[in-house]
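Visitor: The sequence and its predicted three-dimensional model are supplied below.
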Amino acid sequence: MSTTLRMGVIGFAHMHINELMRQMHGQPGVEWVACADTVPAIPEMVEAKNTRGWNKNAIALGELGIPKGYDDYREMLDKEQLDLVIFCPENAKHGEVAEAIAAHGAHMLTEKPMAASLSEALRMKRAADRAGVSLITNWPITWSPAVRTAQRVIAEGLIGDVWQVKWRAGSMGPLSHGSVHPGVDGTMVEITEVEKGATWWHHAAAGGGALLDYCCYGACLSRWFIGEGAVAANGMVANLRSHYGDADDNAVITVRFPKAIAILEATWSCLDHGVPTGPIIYGSTGTLVVDRAHGRQVLLLKRGRGAEPVEVDLDTLPEGRATLGQEVMHHIRTGEALHETLQAGFNLEAQAILDAGQRSAKSGRLELVNDMDWCVGYPTAGGGALPAAPTSPLPQQRGRGTGWGSIPARVPVTGKANACRDARGAARARAATGWRACRYPGWRRRPQTTPGEAPPMRRAAHATRRVDPARTACARDGAGGRPSPK
């Protein structure tokens, strides 16, 4: 790579592209080369502020002066020599665009969320690994001193063990007046509902919707603050006020971690939240609240029991790495690791939370959070979500199991071990063969549902039909203590 970083841009669907371009524009030793948009499934009806046409023509070609504009991004990649490509197409096109960029040997910078599904995110990560290039996902909250300080306070143990994280975010929609974005003041030229309905934001197939747009922040923060991967999630979505499109405009995901939970709320129909949006972090000895006061962001530490909240002094972000542009340049020039929230591996875990929430909203059931160990052999080119990892079909048995959901306990066995599932219910296979998850003796499988049919209500344990325990290998292993047949 030469001393000058040659940069290109692909995709103007997401208005956050404007801030990403501005961040890199101000860095020394960079050169703009060219830009191109992706082709939307439905053409937009108007070129208003923050629409894709305005982002490209007014900001990229106009304000920043990018010298060339291509109609086809693949033609641009073939003709231009690029070191870094910023891309913000529709969420559902992140995978195909990232693969194309990586094949040309350029580093990649995109905006949250990493993708529209876990399968697409894995597609991006594999492409970057094959090409030996960096895949960077930016989060605007990463550059919040209050959020960074909250993480430092948690890491120092000042609020004890984190047991819950709450996050709420929303507006009146991505193209509505008053919707604030990084680098955007919130003033919009109001467009009609029909015109909004033609934008990708309101189409589920394009990766639109409030869940991906706003719950993603909570997925990132809860994973970061709690410090370990999630186990399972429940999701609910609705289109309450945006019937001109088929994407959700309100969503909630509740997330189960091994020793904590998170509640993630998103809305595109909110005039005023009425409560602190957070993040709010509950610990065993204190609570942290990120809020706004006197026109600025503050971090409050609350101990309860009548004690007054204490405003925590905010940390200064590291010199030379205090902005996205500085962080990206530092990483590319020195090879040092990116901030944790920008790294591809971390973002796969955040995407896995969203993916489980999406699957749960469709299935009406608690869904396990998949990880790379379970994502093997599934086609990813179509962009669909991976199938849910298998869950126990059995009702929870009192005195056994993990104490939540329908995930079975580990039962010690001898002899050959069958394929096993982690006792937490996370989709991870243990390497050791001395333990395995098995069904409880005597319980029959729950009836399966057909597409569109509501899942059957679970019957009480005492009313569940019994079968002969002697007919199950698990009964011999668990109750009798005899080894499995060889």
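Guide: Okay, I see it. Numbers count the residues shown, from 1 in each chain.
Visitor: Where do the helices of the protein begin and end?
Guide: 17-25, 52-54, 73-79, 94-103, 118-131, 145-155, 193-197, 210, 216-226, 324-334, 344-363, 473-475 (DSSP state H).
Visitor: any idea which of the ones you listed is most buried?
Guide: Compared across the helices of the chain, helix 210 shows the largest average neighbour count, a mean of 30 (mean count of other Cβ atoms under 10 Å). Backbone N, C-alpha and C define where each C-beta goes, glycine included.
Visitor: pLDDT averaged over that one - what is it?
Guide: Averaging pLDDT along helix 210 yields 98.
Visitor: And for stretch 267-284?
Guide: Across stretch 267-284, pLDDT averages out at 94.
Visitor: again with stretch 321-339
Guide: What stretch 321-339 shows for mean pLDDT is 97.
Visitor: Equivalent analysis for stretch 199-206, please.
Guide: 97.
Visitor: For it, buried residues please.
Guide: T199, W200, W201, H202, H203, A204, A206 (16 or more other Cβ atoms under 10 Å).
Visitor: and those residues as TSV, adding distance to T149?
Guide: Rendered in TSV, the data for the buried residues of stretch 199-206 read as follows (distance: Cβ to Cβ, whole Å):
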residue	distance to T149
T199	36
W200	35
W201	32
H202	36
H203	38
A204	37
A206	36
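Visitor: just those now: which is nearest C216?
Guide: W201 (14.0 Å; Cβ to Cβ).
Visitor: How about the contacts made by that closest one?
Guide: Applying Cβ atoms under 8 Å, 6 or more residues apart in numbering to W201 gives the contacts G173, P174, L175, G208, G209, D213, G245, A247.
Visitor: Can you get me a residue count around the closest residue to the fifth one other than its chain neighbours?
Guide: Distances taken as Cβ to Cβ, 6 or more residues apart in numbering put A247 closest to G209, at 3.7 Å, once the chain neighbours are dropped. If you count neighbours by other Cβ atoms under 10 Å, A247 ends up with 24.
Visitor: which ones are touching A247?
Guide: W201, H202, H203, A204, G208, G209, A210, N239.
Visitor: Now do the third one against D355, distance only.
Guide: Look at H203 and D355: by Cβ to Cβ, to the nearest Å, they are 19 Å apart.
Visitor: mind showing which ranges of the stretch 151-300 of the chain have poor pLDDT?
Guide: 177-189 (pLDDT under 70).
Visitor: rerun at 90
Guide: For the stretch 151-300 of the chain, the stretches with pLDDT under 90 are 175-191, 271-272, 274, 276, 293-295.
Visitor: so where do the strands sit in it?
Guide: 162-170, 232-238, 250-256, 261-267, 280-283, 287-293, 296-302 (DSSP state E, counting those that start in this stretch).
Visitor: Pipe those into TSV and attach mean neighbour count per row.
Guide: Shown next, in TSV, are these (neighbours: other Cβ atoms under 10 Å):
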stretch	mean neighbour count
strand 162-170	21
strand 232-238	22
strand 250-256	24
strand 261-267	23
strand 280-283	22
strand 287-293	17
strand 296-302	16
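Visitor: Next, name the residue at the spatial heart of the protein.
Guide: The centroid of the chain falls nearest to Q351 when counting by Cα atoms, centre = their mean (3.3 Å).
Visitor: List the contacts of it.
Guide: Shown in contact with Q351 (Cβ under 8 Å, 6+ apart): P113, M114, A115, S117, L118, A121, A219.
Visitor: Next: L314.
Guide: P145, A146, R148, T149, Q297, V298, L299.
Visitor: Q297 is in contact with the fourth one, correct?
Guide: Think T149. No: applying Cβ atoms under 8 Å as the test, T149 and Q297 come out as separate, 9.9 Å apart.
Visitor: Next up, phi/psi of T192, please.
Guide: phi -80, psi 170 (degrees, to the nearest 10).
Visitor: And it, how close does it get to R241?
Guide: In this view, T192 and R241 are 15 Å apart by Cβ to Cβ.
Visitor: Which of the two has more residues huddled nearby?
Guide: Taking other Cβ under 10 Å, T192 and R241 do not tie; R241 has more neighbours (15 against 11).
Visitor: ok, and the closest non-adjacent residue to that one?
Guide: R241's closest residue in space is S269 (Cβ to Cβ, 6+ apart), at 4.0 Å.
Visitor: Quick check: the one you found touching N250?
Guide: Yes: proximity of S269 to N250 meets the contact threshold set by Cβ under 8 Å, at 6.3 Å.
Visitor: intersection of neighbour lists for the two?
Guide: With contacts defined as Cβ under 8 Å, 6+ apart, the residues adjacent to both S269 and N250 are L240, R241.
Visitor: now the contacts of A247 in CSV, with distance to M329?
Guide: Formatted as CSV, those follow (distance: Cβ to Cβ, whole Å):
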residue, distance to M329
W201, 31
H202, 36
H203, 35
A204, 36
G208, 32
G209, 33
A210, 33
N239, 41
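Visitor: so which of those residues comes closest to T323?
Guide: For the contacts of A247, the nearest to T323 is W201 (26.7 Å; Cβ to Cβ).
Visitor: distance of that closest one from T277?
Guide: Taking Cβ to Cβ, one finds W201 at 20 Å from T277.
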